[in-house]
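K.L.:
would you be able to build a 3D model of this:
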Amino acid sequence: MHESCLRATTTSAKLQSLQLSSHQNTTNSVFFRVLSVRGSRLARKELQAPDPLGGWSTQIVPCNDAIVVPPVWAGPKQRAGILKPNGGYIAQGSTWRYERVTTAVPKPVHPSQTVPGTWLWAGVLFDHFGHFLTESLTRMWAWYHLTEPVAGICYMPKRPGRGGELRSYQTQVLAAFGVDVPVHLVTEPTQFESLIVPGQGFGLGAISTGTPLMRQAVRAHFGVTIQPDGPERLYLSRSRLDPAAGAIMGEVLLEDRLRAEGYEIFHPQDHDIPTQIARYKAARKLIIADGSTGHLFAFVGREHQQIAYLLRRRFWIDGPINHIASFCGSAPLVLDTFCTEWQPVAPDTSARGVVYVQHSMNALHAALLKGRFVSQTDPWPEPGEDLSRSYLERTGALSLFHDVAGMEKAAG
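P.N.:
So this is what the prediction gives:
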């Protein structure tokens, strides 16, 4: 039996040497020094949350005869991950969300199958578009630092029982990363002849800014073969999405105003990934309705673009905003101009995280005018707060939500 695990480290000096411009190629820029893992924290369970400045998030652990154990039940924290042949846990392969690890040490199992060759560990496969972008691509920085070809990349599913085929958009996103090898979705305990385990270089929480290695890999490689194609002004809309997930009420009125300013109203879910990337690269001014599409834009946005980010809630907003600012090199103008904000009356129900907001059209216009996203100086008229109630009545949500913005005004 080969030595089960080796550790590769990247010194701070090497990290400093990797401050690449958008035109530099990172493929041959990293030289990993291979050391034994004996006594290393990477082989134990005491890892802290991944740090965007370095540490295990920038390291690679090659492991021979590693056993990938997929989850057997759904939940926010699952017993799943990578084991050494002797049953030891490879914490380097764990997935973190904010300051908490979401994959716990799995029980030792006998593998159901053995897969020959060397494979790259990609982590947990999420099917939700936004979580796929933020939590299933976090190790792809290592794809550009492989010294030898691999047989493919491997995931384990977030949800037990998921089939082995990737969704079409997942295949397209990986293709934009330049992945041209098979993808193995581990649905039963599987032993790999050799598994390369990179650290988590991106994700939710402090790591949403990405490590330098992750940002450099994305900038140098993601979507580079897709040519810009589209108008200079683009609004990324949510108005055709299912309102059960929350909504910006009156968004169609905003779209009418933006059309008059020369914006194309773009509905990302109606287009394939290459088309979305082409549009985002072509635009000079973008207004993004808060949502998963902001994360895809962050992978291809650049400093010369003006970006405004229209909020749809006051929480869970740091992730996309930090992602855009750090990967694009330019912070977006955050549009927080709510006049009503309807949150669940009972927040512990299935509606947790669902919010319906209405923006003040007058305040929104003023912010966009000051930011030079619009040029017409006449204020946009307010539709009135009745718009919110009528919208919620139509969707059947009025009795389940209350206007916390209105409550705050009354209390003040």
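K.L.:
which SS state does residue 57 fall under?
P.N.:
Following DSSP: H, G, I helix; E, B strand; the rest coil, the label given to residue 57 is helix.
K.L.:
just the helices in the stretch 151-300 of the chain please.
P.N.:
168-176, 212-221, 251-260, 273-282, 293-300 (DSSP state H, counting those that start in this stretch).
K.L.:
want to throw those into JSON lines with distance to residue 404?
P.N.:
Every C-beta, even on glycine, is put in place using the N, C-alpha and C of the backbone. Output for the helices of the stretch 151-300 of the chain, formatted as JSON lines (distance: least, CB to CB, whole Å):
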{"stretch": "helix 168-176", "distance to residue 404": "34"}
{"stretch": "helix 212-221", "distance to residue 404": "36"}
{"stretch": "helix 251-260", "distance to residue 404": "20"}
{"stretch": "helix 273-282", "distance to residue 404": "33"}
{"stretch": "helix 293-300", "distance to residue 404": "24"}
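K.L.:
report the buried residues of stretch 310-325.
P.N.:
Counting neighbours by 16 or more other CB atoms under 10 Å, one finds that the buried residues in stretch 310-325 are 310-313, 317, 319-325.
K.L.:
cool, and stretch 286-303?
P.N.:
Neighbour-count burial for stretch 286-303, counted by 16+ other CB under 10 Å, picks out 286-301.
K.L.:
keeping just the C-alphas, turn it into CSV.
P.N.:
C-alpha atoms of stretch 286-303 as CSV (Å, rounded to 0.1, in the frame of the first residue of the first chain):
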residue,chain,number,x,y,z
LEU,A,286,-25.5,46.5,-15.2
ILE,A,287,-28.2,46.7,-12.6
ILE,A,288,-28.6,43.3,-10.9
ALA,A,289,-31.7,42.3,-9.0
ASP,A,290,-30.4,40.4,-5.9
GLY,A,291,-30.1,36.7,-6.6
SER,A,292,-28.0,33.8,-7.8
THR,A,293,-27.2,35.5,-11.1
GLY,A,294,-25.0,38.0,-9.3
HIS,A,295,-22.6,35.1,-8.5
LEU,A,296,-22.3,34.1,-12.1
PHE,A,297,-21.7,37.7,-13.1
ALA,A,298,-19.0,38.0,-10.4
PHE,A,299,-17.0,35.3,-12.2
VAL,A,300,-16.7,37.3,-15.4
GLY,A,301,-17.2,41.0,-14.3
ARG,A,302,-14.3,43.5,-14.6
GLU,A,303,-13.3,46.8,-13.1
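K.L.:
what about it, distance to the chain center?
P.N.:
Mean-position distance between stretch 286-303 and its chain equals 11 Å (CA atoms, centre = their mean, to the nearest Å).
K.L.:
repeat for stretch 375-391
P.N.:
On the basis of CA atoms, centre = their mean, stretch 375-391 sits 32 Å off its chain's mean C-alpha point.
K.L.:
first residue to last residue on it, what's the distance there?
P.N.:
With CA to CA, to the nearest Å as the measure, the ends of stretch 375-391 fall 30 Å from one another.
K.L.:
residues in contact with the most centrally placed residue in the chain?
P.N.:
By CA atoms, centre = their mean, the chain has its centre lying nearest to residue 134, at 1.8 Å. Residues in contact with residue 134 (CB atoms under 8 Å, 6 or more residues apart in numbering) are 202-204, 208, 295, 319, 323.
K.L.:
taking those residues one by one, which sit in strands?
P.N.:
Residues of those located in strands (DSSP state E): none.
K.L.:
average pLDDT across stretch 401-412?
P.N.:
Averaged across stretch 401-412, pLDDT comes to 72.
K.L.:
isn't residue 64 up against residue 197?
P.N.:
No. Assessed by CB atoms under 8 Å, residue 64 is found out of contact with residue 197, at 11.4 Å.
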